[in-house]
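Trainee: Sequence and predicted model, in that order:
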Amino acid sequence: MEDFDQEIGHFQGNPLVKKVGAQIQFTKEQVEEFVKCAQDPFYFIEKYMKIVTIDSGVQVIELYDFQREMINKFINEKFVLAKCARQSGKTIGVESFILWSILFKDNYRVGMFANKFDTSKKILKEIKYSYEQLPVVTTGCYYLEQTQYRT
């Protein structure tokens, strides 16, 4: 999908994030794309969500089968407990679901817990980076709020 040039202003000087209340005119195709992303988390994640890897740099996510299964569980179950191996990609799966959820679910809040405070900050930073890489059409009228950290 082509990005379109509109002067929409930027949030706190960040050229990758539009300002709160920015008025954006969407074409019919862009609205259809937004709806498709809202209805299908896997389409949104694998088409638009970018991460940085050591081996390949910036790249669009290609979910593994277990990540798809995990995300389906998150969508369909109220509580999910997962026992996973280290370095298996579970954090990327969770980050993907969180980003899709805060963009496309009404009144969605995320609480993040990790074994270390720095781990929580790193995960939030990765979600924010992925958000900043999204085209305007997928972000609708949202922006990521800064939140307070508690130790």
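Mentor: Nice, I can see it.

Trainee: which residue is nearest the centroid of the chain?
Mentor: For the chain, the residue nearest the mean C-alpha position is residue 99 (2.5 Å; Cα atoms, centre = their mean).

Trainee: Tell me where this protein has strands.
Mentor: For the chain, the strands defined by DSSP state E cover 10-11, 14-18, 50-53, 57-60.

Trainee: Now for the residue nearest to the centre of the chain: which residues touch it?
Mentor: Going by Cβ atoms under 8 Å, 6 or more residues apart in numbering, residue 99 touches 45, 49, 127, 130, 131. Bear in mind the C-beta positions are built from the backbone N, C-alpha and C, glycine included.

Trainee: So which of the residues you listed is the closest to residue 80?
Mentor: Nearest to residue 80 among these, counting by Cβ to Cβ, is residue 45 at 17.3 Å.

Trainee: Tell me how many other residues crowd that closest one.
Mentor: Neighbour count for residue 45, taken as other Cβ atoms under 10 Å: 25.

Trainee: Could I get the contacting residues of it?
Mentor: For residue 45, the contacting residues are 61, 63, 71, 96, 99, 100, by Cβ under 8 Å, 6+ apart.

Trainee: And these, which two are furthest apart?
Mentor: The distance between the two most remote of the contacts of residue 45 (Cβ to Cβ) is 13.0 Å, for 63 and 99.

Trainee: Out of the contacts of residue 99, grab the one that's most surrounded.
Mentor: Highest neighbour count within the contacts of residue 99: residue 45, with 25 neighbours (other Cβ under 10 Å).

Trainee: For residue 59, see how far away residue 119 is.
Mentor: Residue 119 sits 22 Å away from residue 59, going by Cβ to Cβ, to the nearest Å.

Trainee: meant to ask about residue 52
Mentor: Here residue 52 is placed at a distance of 8 Å from residue 59 (Cβ to Cβ).
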